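just coords:
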């Protein structure tokens, strides 16, 4: 009796230890997309105008729901658009926390929806699942059924290069941003404090340091306590791209890359990066830079923005401050000039949100699906998506939509649109940006405009094999780089170890990685 | 010895044995039907998934499915062993468990002995309840509590340190503190719960033994040492073996929640690595290989400890 019990127990332990290794039960995608079926459907999909299909159809989509959003089925855009297009979309919503996990398990178990909406696929995922046949190539569909998207891709050639694989396939389409203000994080500085301490806007890294020191020591909030937070930023290393421009570090090709004379230079081990990290380390150890930088969560960071007790921080919009009394305290300033005269502003590429929408192999109506999403790449569709219904949610002033005051007063703005929380597949143009681009943000953007890079290459697409190679390399390198940079900034790793850091990067084959990116860049150039 | 004796007559007896088994099975069919439920459960949820283990030796592509994916042999194992983080992952996984075993394993035993010695029934019940209630706090809440208590800005622990004239310590962003905090908070949370089984075993020790020891003039400590401890030794050994059985599977959720780039040096363990690389980045084959590697070590440890226990303590699982 005892023996049996023991064996059984042993088996349980062993096997339960192994369950993690076996989390899939997929069968190859079958013939759901029957060719004759598709042919029939093509006929009923009108090439332009609404409704998109004569007979109502139903699509299942998997989507991410941000903490600020309400249920998608209550959003006016989807309610109205369903009537307009004759396409009923049923959303499966996964919260932002744990979204990547759910998304990948969806593919691993091969239980696919018809399309992924606001899915934030990475280039690697798009290539992998596309080459594996779970995502269908979209380039022909875009040509035939997506006039708005096609127009954008012709106007901004960098979009095509950012989403096309070397084999010429497009597996996922991005969220596109043509308004500059949505491509940058503004540098919000507390002007009330500046005035009170009689300081001017800092122009160089040294001046910035002095200003922050004054914020810390001279009690600008006037409560007699040294409780001011001179500078903070989003969790983790987000501060690196923000300050990197002052040290001559650019972020081309979606990675830590400088481009000089068509040469790809991964700068992680460079002297410039060391200077940047040393500067940040100085701010951190003197408590000028928020010491909770590496542990605070998004919600805490947003709360710090609205507290009025923060001197300097970074965000795309002024929205987190809007509901608070302190919004007027802040103005946007220009990037500061570094020790070598560098003064560059980081900006996201025009195809800002990669992998925002993709169609899977089980979708029986790919043409209709493409037309469905294409609407949001025009001003009309984008207005519907971002603003909802005319008069009920927004009004037109000089042809530009603005939320009505009555609607803003309800506090439901972010609940009723899928763009809040980022990453929705649509166009953000000047025309639909009144809320995220109010005068205060426009002013802040004007300070950044002179320092915007001429062209910003988005992360390139690799063929599947190269993508896998890069993935293996970057798994180790990125992890190492992030961890060591964090430690350099926080001061738990001394800069005596810099050479060791460089040597380890070399050992992890950073040269090979640089070569692969160089090849990808050459491909883009030759296109 | 016993086994050689039984094999001689095995052939002749097996037929009659089988018919007897069938007979007893048919007469007790209801009991066997009940047994069927756990057997099916094991087959479906524990043996069934073993089929998927083959992806550790393949390049798993979800579109092709488990069976159709192409074989790559030991490639994924090689990649893991050669990976920069291999030794760190292994050391952290092993050391967290080793320290847990060293520090966290004896404490419930001590607690059980203490509670057993409390004379007042009511008081011992209170102590028992107070110590085991933390077990019911969920891990997320637990980590939230740690963050609040240990925060360098206004956390009570640092407030005390500052009041005593010290510098506030950034407990949660420091690699040096990670293991201490992880293990000691585990002890706090689980000691009461784990002591229950020892308390039960202690109540099974024959009271006459205590009385006899008392008559012989043994002090309290002596009675604990010579009566209580030997009385629960088999239970201790069994639980120790079971603990070793989980040796490589550390409290994954808690570590993941406590992890950040500043303490990664000592908080990066195999299970969190499998999660971040496998589930979040979709490298199923690679991480299946790592998981398998982990399980094999676990199995080896379990067999070793069991054999050791059988020899030395004459108690074992099988």
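Thanks, I have the structure now. Remember, it's a predicted structure, so these values are computed and weren't measured experimentally.

identify each buried residue in stretch B:86-97, please.
B:86, B:88, B:89, B:90, B:92, B:93, B:94, B:96, B:97 (16 or more other CB atoms under 10 Å in any protein chain shown). For glycine as for every other residue, the C-beta is placed from the backbone atoms N, C-alpha and C.

need the three-state assignment for the residue lying closest to residue A:472 once chain neighbours are set aside.
Of all residues not flanking residue A:472 in the chain, residue B:79 sits nearest, at 7.0 Å (CB to CB, 6 or more residues apart in numbering or on different chains). Of the three states, residue B:79 takes helix according to DSSP: H, G, I helix; E, B strand; the rest coil.

secondary structure class for residue A:61?
strand.

burial count for residue 121?
Reading this off chain A. 25 (other CB atoms under 10 Å in any protein chain shown).

I was after chain B.
Residue B:121 has 8 nearby residues by other CB under 10 Å.

now do the contacts for it.
Counting by CB atoms under 8 Å, 6 or more residues apart in numbering or on different chains, residue B:121 touches no other residue.

what's the offset of the helix or strand containing residue B:295 from the middle of its chain?
According to DSSP states H and E, residue B:295 maps onto helix B:284-312. Centroid displacement of helix B:284-312 relative to its chain, using CA atoms, centre = their mean, to the nearest Å, is 13 Å.

what about it, near chain A?
Yes: judged by CB under 8 Å from any CB of the partner chain, helix B:284-312 comes into contact with chain A at B:284, B:287, B:288, B:291, B:292, B:294, B:295, B:298, B:299, B:302.

dump those residues into a markdown table; add distance to residue B:217 as well.
A markdown table is the format used below for the residues of helix B:284-312 next to chain A (distance: CB to CB, whole Å):
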| residue | distance to residue B:217 |
| --- | --- |
| B:284 | 66 |
| B:287 | 62 |
| B:288 | 62 |
| B:291 | 57 |
| B:292 | 58 |
| B:294 | 52 |
| B:295 | 52 |
| B:298 | 47 |
| B:299 | 49 |
| B:302 | 43 |
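
most neighbours, which of these?
residue B:284 (30 neighbours).

thinking again about what came up before, so the residue nearest to residue A:472 makes contact with residue A:471?
No: contact criterion CB atoms under 8 Å: residue B:79 and residue A:471 do not qualify, at 11.4 Å.

next, work out how far apart the closest residue to residue A:524 other than its chain neighbours and chain B are.
Spatial nearest neighbour of residue A:524, chain neighbours left out: residue A:161 (4.9 Å); criterion: CB to CB, 6+ apart. Remark: distance between residue A:161 and chain B (CB to the nearest CB, to the nearest Å) = 24 Å.

is stretch A:164-179 positioned near chain B?
No: taking CB under 8 Å from any CB as the criterion, stretch A:164-179 and chain B are apart, separated by no less than 12.6 Å.

what's the end-to-end length of that stretch?
This stretch, stretch A:164-179, spans 23 Å end to end (CA to CA, to the nearest Å).

can you pull the buried residues of it?
A:164-166, A:169-179.

one more: stretch A:505-525?
A:505, A:508, A:510, A:513, A:514, A:516, A:517, A:518, A:520, A:521, A:524.

nearest to chain B, of the residues you listed?
residue A:508 (6.0 Å; CB to the nearest CB).

wait, that closest one sits on residue A:477?
Yes: with contacts counted by CB under 8 Å, residue A:508 reaches residue A:477, the gap being 4.9 Å.

what about the residue of the stretch 51-200 of chain A found nearest chain B, distance to residue A:236?
Nearest residue of the stretch 51-200 of chain A to chain B (CB to the nearest CB) works out as residue A:132 at 3.7 Å. Going from residue A:132 to residue A:236 by CB to CB, to the nearest Å gives 31 Å.

higher neighbour count, those two?
Using other CB under 10 Å, the more surrounded residue of residue A:132 and residue A:236 is residue A:132, with 19 against 16.

nearest residue to the more buried one other than its sequence neighbours?
residue B:63 (3.7 Å).

report the buried residues of the host helix or strand of residue B:158.
In this assignment (DSSP H and E), residue B:158 forms part of helix B:156-163. Buried residues in helix B:156-163, counted by 16+ other CB under 10 Å: B:157, B:158.

so which elements touch the helix or strand that it is followed by?
Counting by DSSP H and E, the next helix or strand C-terminal to helix B:156-163 is helix B:175-203. Applying 3 or more CB pairs under 8 Å, 6 or more residues apart in numbering or on different chains; DSSP states H and E, we find helix B:175-203 packed against helix B:86-99, helix B:106-117, helix B:121-132, helix B:139-150, helix B:229-245, helix B:252-258, helix B:264-267.

now do the buried residues in the third one.
Applying a neighbour-count criterion of 16+ other CB under 10 Å, the buried positions in helix B:121-132 are B:124, B:127, B:128, B:131, B:132.

what's the answer for the fifth one, then?
With burial defined by 16+ other CB under 10 Å, the residues of helix B:229-245 counted as buried are B:231, B:232, B:235, B:236, B:237, B:238, B:239, B:240, B:241, B:243, B:244, B:245.

ok, the second one next?
By 16+ other CB under 10 Å, the buried positions in helix B:106-117 come out as B:108, B:109, B:111, B:112, B:113, B:115, B:116.

got JSON lines for the helices and strands packed on helix B:175-203, with mean pLDDT and distance to residue A:291 too?
As requested, the helices and strands packed on helix B:175-203 are arranged in JSON lines below (pLDDT from 0 to 100; distance: least, CB to CB, whole Å):
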{"stretch": "helix B:86-99", "mean pLDDT": "91", "distance to residue A:291": "25"}
{"stretch": "helix B:106-117", "mean pLDDT": "92", "distance to residue A:291": "34"}
{"stretch": "helix B:121-132", "mean pLDDT": "91", "distance to residue A:291": "35"}
{"stretch": "helix B:139-150", "mean pLDDT": "91", "distance to residue A:291": "14"}
{"stretch": "helix B:229-245", "mean pLDDT": "87", "distance to residue A:291": "38"}
{"stretch": "helix B:252-258", "mean pLDDT": "90", "distance to residue A:291": "18"}
{"stretch": "helix B:264-267", "mean pLDDT": "89", "distance to residue A:291": "18"}
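
residue A:448: which of the ones you listed is closest?
Closest approach to residue A:448 among those (CB to CB): helix B:264-267, 33.5 Å.
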